[in-house]
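> any chance you can model this:
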Amino acid sequence: MSSKERKYIYLNCLNYNGTIFQTQVLDWLNLYAQHGVNFKLIQLFQIKDFAKLRFIRDQLQGLRRSSNLFNGFLVFLPSKGLYAFLNSILLYFKLLPYIFRRNEILIFSRALIGREINFLRKITNNRIIFYFDARAAAAEEKKYVAINNKNFSLNKYVSIANIYYLEYKTLKSADKIFTVSKVLQDYFHKTFAIDSEKFVHYPCLSDSKKFYFNPQVRKQIRKELEIPEEKIVFIYPGGIGSEWHVAKQMLRFFNDFVTNYENVVLVLLTRYKDLPNLLSGYPNLRNKCISFYVPNHEVYKYLNSADFGILFRENTVMNNVASPTKFAEYMLCGLPVLISEGVGDYSDFTRLHKVGITVNELELRNAGMEIFKTIYDQKFDRLRIADVGIKYFSKGSIINELVDAFKI
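Below you'll find the predicted structure:
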């Protein structure tokens, strides 16, 4: 069957008004459409979501406003026992117009729906192609949160085991697995014995039309923020409330840094509501930290105004397989990164391409004058880093090979 007869469906499980949905789903689907791969977007809700009818209404209205790709929604039950079969029936009826026309159907999703896909294939005579949009190691994330919360209950262990099982079934049922890092590919291969031939490298890249280096923008934003050119600005855009953001380590690091170097300024672009209380424990940052929130499309301005982007994570499996989008945004804006060890493929990339400074776990936990001096004295060519960004971290750099993968 030719690719012209193939219908492309993206099953989305993210909230429409989140930055991740915009950058990791919608922007990609729009780019695929420009290259002849036209997806229909179907929103997946969990049955528990209907306890919040206003949430459902807002999501549906927002999806209709934000994209002409939106093509309705489905409500799924937990993927256990008979429920998985019922989910596949619901999906079958949603796809019925294409099934009647005997179209080949390619489903792309980051949801763990391997059991549903297997059922669906049986009732459609194997006309379903499934590509898994693998953004993380799902069970490892659940385990990481449980460890940090010291939750070792039997229910928690059962929940984690179920996610491992669903992850395995999804990986095994997938025809292709789009993975955000080489480390994640290795993890899937070693943990679930997944065939390496299935993998398509699909890092969290960014749009070079939205993120780019501009010296004039740098001057403008510095003037607005009243930051003199001699100040060295470290910036972190994003959430800091979750366990993996290691906010306390980051603030402790810079609390000590500004004590020794008065020209250092920390800028936090976050909507975290409890930030004032969190900062109160780091008195040296009182006059050296600027915090506010801007939408994603304005972040590039403030990245231009900074001298280093911050990307600190704990060196755990969950972070080892990750691919934070902010790294791509830093690179495209020519912004050298201050990164901890073990962040996906990016810590090694930083060393290899000399686009920032890697901080080891000991330096992050017990920062001292040696690492502070190394950072403070280091100079980088921002135009060169921006060129590296365009080559490796713009969505346009890999779009052709991704389109080819969808048309196989």
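> show me where the stretch 201-350 of the chain has strands.
With strands called from DSSP state E, counting those that start in this stretch, the stretch 201-350 of the chain shows them at 232-237, 264-269, 289-292, 308-311, 337-340.
> got the contact list for the host helix or strand of E370?
E370 is part of helix 369-377, with elements assigned from DSSP states H and E. Applying C-beta atoms under 8 Å, 6 or more residues apart in numbering, the contact partners of helix 369-377 are 232, 256-257, 260-261, 264, 308, 338, 357, 359, 363. Yep, even glycine has a C-beta here, placed from its N, CA and C like the rest.
> distance of G36 from Y8?
10 Å (C-beta to C-beta, to the nearest Å).
> same drill for these two, tell me which one is more crowded.
Comparing G36 with Y8 by neighbour count (other C-beta atoms under 10 Å), the higher total belongs to Y8, at 22 against 11.
> show me which positions of the lowest-mean-pLDDT helix or strand in the chain end up buried.
None of the helices or strands of the chain scores lower by mean pLDDT, DSSP states H and E than helix 361-365, at a mean of 84. Along helix 361-365, these residues count as buried under the neighbour rule (16 or more other C-beta atoms under 10 Å): 363-364.
> coming back round to it: next one: the helix holding E370 to chain centre, how far?
30 Å (C-alpha atoms, centre = their mean, to the nearest Å).
> just checking, next helix/strand downstream of it?
helix 382-393.
> count of residues packed around Y164?
17.
> where's it, which helix or strand?
helix 154-173.
> buried set for the helix holding E370?
Buried, per 16+ other C-beta under 10 Å, within helix 369-377: 371-372, 375.
> and stretch 55-71, by the same measure?
56, 59-60, 62-63, 67, 69-70.
> let's have these in CSV, adding secondary structure.
Output for the buried residues of stretch 55-71, formatted as CSV (DSSP: H, G, I helix; E, B strand; the rest coil):
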residue, secondary structure
I56, helix
Q59, helix
L60, helix
G62, helix
L63, helix
S67, coil
L69, coil
F70, strand
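> what's the farthest-apart pair in these?
Greatest spacing in the buried residues of stretch 55-71, by C-beta to C-beta: I56 and L69 (19.1 Å).
> where does the stretch 1-150 of the chain have low pLDDT?
Judged by pLDDT under 70, the stretch 1-150 of the chain has its weakly predicted residues at 1-4.
> how about the helices in it?
Taking DSSP state H, counting those that start in this stretch as the criterion, the stretch 1-150 of the chain contains helices spanning 19-20, 27-34, 53-66, 82-94, 96-100, 114-123, 138-148.
> for the shortest one, which outside residues touch it?
In this case it means helix 19-20. Under C-beta under 8 Å, 6+ apart, the answer for helix 19-20 is 14, 296, 325.
> can we see that at 10 Å?
14, 26, 135, 204, 237-239, 295-297, 299, 325-326 (C-beta atoms under 10 Å, 6 or more residues apart in numbering).
> would you mind checking those residues for buried ones?
So, by 16+ other C-beta under 10 Å, the buried ones in the contacts of helix 19-20 are 14, 26, 135, 204, 237-238, 296, 299, 325-326.
> dump those into JSON lines; add distance to V183 as well.
Formatted as JSON lines, the buried ones among the contacts of helix 19-20 follow (distance: C-beta to C-beta, whole Å):
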{"residue": "L14", "distance to V183": "23"}
{"residue": "L26", "distance to V183": "26"}
{"residue": "R135", "distance to V183": "13"}
{"residue": "C204", "distance to V183": "13"}
{"residue": "P237", "distance to V183": "23"}
{"residue": "G238", "distance to V183": "21"}
{"residue": "N296", "distance to V183": "26"}
{"residue": "V299", "distance to V183": "26"}
{"residue": "T325", "distance to V183": "16"}
{"residue": "K326", "distance to V183": "17"}
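> contacting residues for the nearest residue to F393 once chain neighbours are set aside?
Excluding the flanking residues, the one nearest F393 by C-beta to C-beta, 6 or more residues apart in numbering is A328, at 3.8 Å. Residues in contact with A328 (C-beta under 10 Å, 6+ apart) are 23, 203-208, 211, 346, 389, 392-395.
> next: A136.
Neighbours of A136 in contact, by C-beta under 10 Å, 6+ apart: 110, 167, 179-181, 184, 187, 318-319, 321-323.
> cool, and S340?
246, 249-250, 253, 310-315, 319, 347, 358-361, 363-364.
> relative to F253, how far out is it?
Counting by C-beta to C-beta - S340 and F253 are separated by 10 Å.
> overlap in contacts, the two.
In contact with both S340 and F253: 246, 310, 312, 359, 363-364, using C-beta under 10 Å, 6+ apart.
> what is the nearest of those to E140?
For the shared contacts of S340 and F253, the nearest to E140 is V246 (16.2 Å; C-beta to C-beta).
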